[in-house]
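K.L.:
sequence? don't have it. structure:
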């Protein structure tokens, strides 16, 4: 029972954080909502909101941010929330900001192919290693369809995708229906597991290797090989049988016949 209660506690805490994210996304959408970061401290819960335009979140004399902080304490079960705002350095590399801009462009009447390619081009020009833009919904007619725009190196699943991919989602509401806008960005400068580099010896504190000279023993002039067979048209040794004496042909034939008869 104790284990189940602990698991339920973690689940409830994550659900509360998701509800807080949806609430702040709705209230600060015009300011360029870029994400939330929760940190538990001894004094309470520190909530850091990333935004493109910080002034629209803070308001005049901190009026808007104070209202949001009071709403977090009254509407959600968060212990002593403390809301802070951080400015996004490069909005083109923030997936949530780009997804919100993509949805806004579609609502203003942009053609979906133009909006998707423009978003992809802006992200890649900002230095991203890879980008994936997915539009799903009633894009051109009454039937649902999905259109993808991608460039660079992308990871779809696994620990690599969770660690290096920044994913943002937004919804575009049009007359034909709603369109889901998903933007996934692989951050610039990340080192993937399959990318390796062999370090030099001086980088690991070793002395460089000495130049080794190759010494050739013996003379470079080798004797010509001896041919085992005589080349064509050449006679190595000529053996000629010398005739004994001039013997008439008839006598020679008679002698051969006599020798054969004796045998």
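P.N.:
Perfect, I can see it now. Because the structure is predicted, anything quoted here is derived from the model rather than measured.

K.L.:
wait, what's in contact with residue 45?
P.N.:
Shown in contact with residue 45 (CB atoms under 8 Å, 6 or more residues apart in numbering): 38-39, 78-82. For the C-beta atoms, the positions are set from N, CA and C on the backbone; glycine is no exception.

K.L.:
ok, those vs residue 176, which is closest?
P.N.:
Residue 176 has its nearest neighbour among the contacts of residue 45 in residue 38, at 37.0 Å by CB to CB.

K.L.:
Count the neighbours of that closest one for me.
P.N.:
Neighbourhood size, residue 38 [other CB atoms under 10 Å]: 16.

K.L.:
State the helix or strand in which residue 114 lies.
P.N.:
Per DSSP states H and E: residue 114 is located in helix 112-125.

K.L.:
which residues of the stretch 101-250 of the chain fall in strands?
P.N.:
Counting by DSSP state E, counting those that start in this stretch, the stretch 101-250 of the chain has strands at residues 130-137, 145-152, 165-173, 178-186.

K.L.:
Please spell out which residues along the first one are buried.
P.N.:
So the one you mean is strand 130-137. 130-135, 137 (16 or more other CB atoms under 10 Å).

K.L.:
which one of the residues you listed is nearest residue 159?
P.N.:
Each of those was scored against residue 159 by CB to CB, and residue 130 proved nearest at 16.6 Å.

K.L.:
Pull the contacting residues for that closest one.
P.N.:
Applying CB under 8 Å, 6+ apart, we find residue 130 in contact with 150-155, 185-186.

K.L.:
most neighbours, which of those?
P.N.:
Counting by other CB under 10 Å, top hit in the contacts of residue 130: residue 185 with 28 neighbours.

K.L.:
and the longest helix seen in the chain, how far out from the chain's middle?
P.N.:
Secondary structure assigned by DSSP state H gives helix 2-27 as the longest helix of the chain. How far helix 2-27 lies from its chain's middle: 32 Å, per CA atoms, centre = their mean, to the nearest Å.
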